[in-house]
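*Asks:* show me how the following folds:
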Amino acid sequence: MISLAVLEDIIEDQLARFRAKETGIPREIDFQKYIKTKQITAIAGIRRGGKSTLLLQFSKKYRSFYYINFDDERLIDFTVKDFDNLMLAFQKKYEAKAIFLDEIQNIDKWERFARRLYEEGYKIFLTGSNAKLLSSELATHLTGRYFKIELYPFSFREFLTAKSIDYQKKGSETRAAVLREFDAYEAGGGFPEYVKYDDPEFVQRIYEDVLYRDLLTRFGIRDVKAFKHLAKFLFSNISKEISYNGLKNTLGFKSVMSVKNYIEYMEQSYLVIELYKYDFSLKKQLVSGRKIYAIDNGMRNTIAYFTSQDEGRLLENLVFLELKRRGREIYYFKNKRECDFIVREKSAITEAIQVTAHFNINNREREVDGLLEAMDAFALKKGLILTQDAEDLLKIDSKNIIVKPIYKWLLEK
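*Replies:* Predicted coordinates:
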């Protein structure tokens, strides 16, 4: 067990560093929603995506609180048996009824401690960088006791705020600045440190941290070369339809299960996110093809070399991530033709969205036909085409198709 004196030193040191951090750009979170409830607030997302800064922003709402970050080598031997000493170390210094637990997934059986604190009346905020671990433990031991926030790198609105651009201000100067920064956001992404320092090495280091600390070490992956090759291939082929068997054959893996497991590990650590093809049959949906999207355009372009031909895929990745930020349940549609995204609310499909870099005579028919097929399949009267620069309203029979620049759509709340 870790001694009480050592724990006291650690929490005092961590708290001083935590309070000294910059508050950062306020994230687009309904803070009061999570503060006014007694439910646990669980924040999940990729490393360096802003989870600790969001914790700091929440902490500013409290007069006193306890804080500990378990991603600290001094706590590498911390176990569930040390939680009693941890609370004693906290309570010796002062009283608080809010507690912030950073990177909690590093401690086995943490959820039992969280449940005890919850039942003792503590307001709990916790973060984790492993989607499955966090979700499974919450669902198993804390059912009905928590809200989950999935935190992504900056949205375009947050990106502009970080660049001190008031995008709501009218005028050509503002529009020019927004368009200029949109190009930077499309290529560089929204990791907070990258946005602040404009240094691609930050993104490279984040990728390597996730790869080595969250994936290769945690899951005991021995074939490092094959794993990295698969990761690079997926980043190079975002938005393309894939199959596990096809990846096995293309990349020379010995088994489909290895490919499946490796992608699942990457998804757990938020490197990539899978998108399923929509089917009325859940069984068919799970065995059909799927697409892979990257957690951030800048990370994608750091790992896979960016070319001008990739623009459409990068724009599609931006739209995908924004739909995830907005909490949408999304799929892609494919029958005779294809529609990039359809949105499901409760049990009904409510939106169909097509994404293309350019909308002109060369691709107009293909993009419209794919969207119309999805609209017909789900009896939708309105569809959306998001593009780099075109803006229009198309009326086809009784249907309306809105053509809108992606940057304008990204700025909508």
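*Asks:* quick one: contacts of stretch 108-122?
*Replies:* Applying CB atoms under 8 Å, 6 or more residues apart in numbering, the external contacts of stretch 108-122 come out as 38, 40, 79-80, 83, 97-99, 101, 104, 107, 124, 126, 137-138, 140-142, 145. From N, CA and C alone the C-beta is placed, and that goes for glycine too.
*Asks:* ok, and for that stretch, which residues are buried?
*Replies:* Neighbour counts over stretch 108-122 (16 or more other CB atoms under 10 Å) mark 110-111, 113-114, 117-118, 122 as buried.
*Asks:* please apply the same query to stretch 234-241.
*Replies:* 234-235, 237-239, 241.
*Asks:* cool, stretch 165-183 as well?
*Replies:* 167, 177-178, 181-182.
*Asks:* could you dump it to PDB, C-alpha only?
*Replies:* Extracted in PDB, the C-alpha atoms of stretch 165-183 (Å, rounded to 0.1, in the frame of the first residue of the first chain):
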ATOM      1  CA  ILE A 165     -12.300  35.400 -34.000                       C
ATOM      2  CA  ASP A 166     -15.800  36.500 -33.300                       C
ATOM      3  CA  TYR A 167     -17.500  34.400 -36.000                       C
ATOM      4  CA  GLN A 168     -20.900  35.900 -35.200                       C
ATOM      5  CA  LYS A 169     -19.800  39.400 -36.300                       C
ATOM      6  CA  LYS A 170     -21.100  40.500 -39.700                       C
ATOM      7  CA  GLY A 171     -18.900  41.700 -42.500                       C
ATOM      8  CA  SER A 172     -16.500  40.700 -45.200                       C
ATOM      9  CA  GLU A 173     -13.400  40.800 -42.900                       C
ATOM     10  CA  THR A 174     -15.000  38.300 -40.500                       C
ATOM     11  CA  ARG A 175     -16.000  36.100 -43.400                       C
ATOM     12  CA  ALA A 176     -12.500  36.200 -44.900                       C
ATOM     13  CA  ALA A 177     -11.000  35.300 -41.500                       C
ATOM     14  CA  VAL A 178     -13.400  32.500 -41.000                       C
ATOM     15  CA  LEU A 179     -12.700  31.000 -44.400                       C
ATOM     16  CA  ARG A 180      -8.900  31.300 -43.800                       C
ATOM     17  CA  GLU A 181      -9.100  29.600 -40.500                       C
ATOM     18  CA  PHE A 182     -11.400  26.900 -41.900                       C
ATOM     19  CA  ASP A 183      -8.600  25.800 -44.300                       C
END
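*Asks:* contacts for it, please.
*Replies:* Contacts of stretch 165-183 with the rest of the structure, by CB under 8 Å, 6+ apart, involve 156-157, 159-160, 163, 406-407, 410-411.
*Asks:* hmm, residue 406 and residue 311 touching each other?
*Replies:* No. Contact criterion CB atoms under 8 Å: residue 311 and residue 406 do not qualify, at 10.9 Å.
*Asks:* settle it for me: which of the two has more neighbours?
*Replies:* residue 406 (22 against 16; other CB atoms under 10 Å).
*Asks:* and the pLDDT for the closest residue to the more buried one other than its chain neighbours?
*Replies:* Of all residues not flanking residue 406 in the chain, residue 386 sits nearest, at 4.7 Å (CB to CB, 6 or more residues apart in numbering). pLDDT recorded at residue 386 is 98.
*Asks:* all good on my end, thank you.
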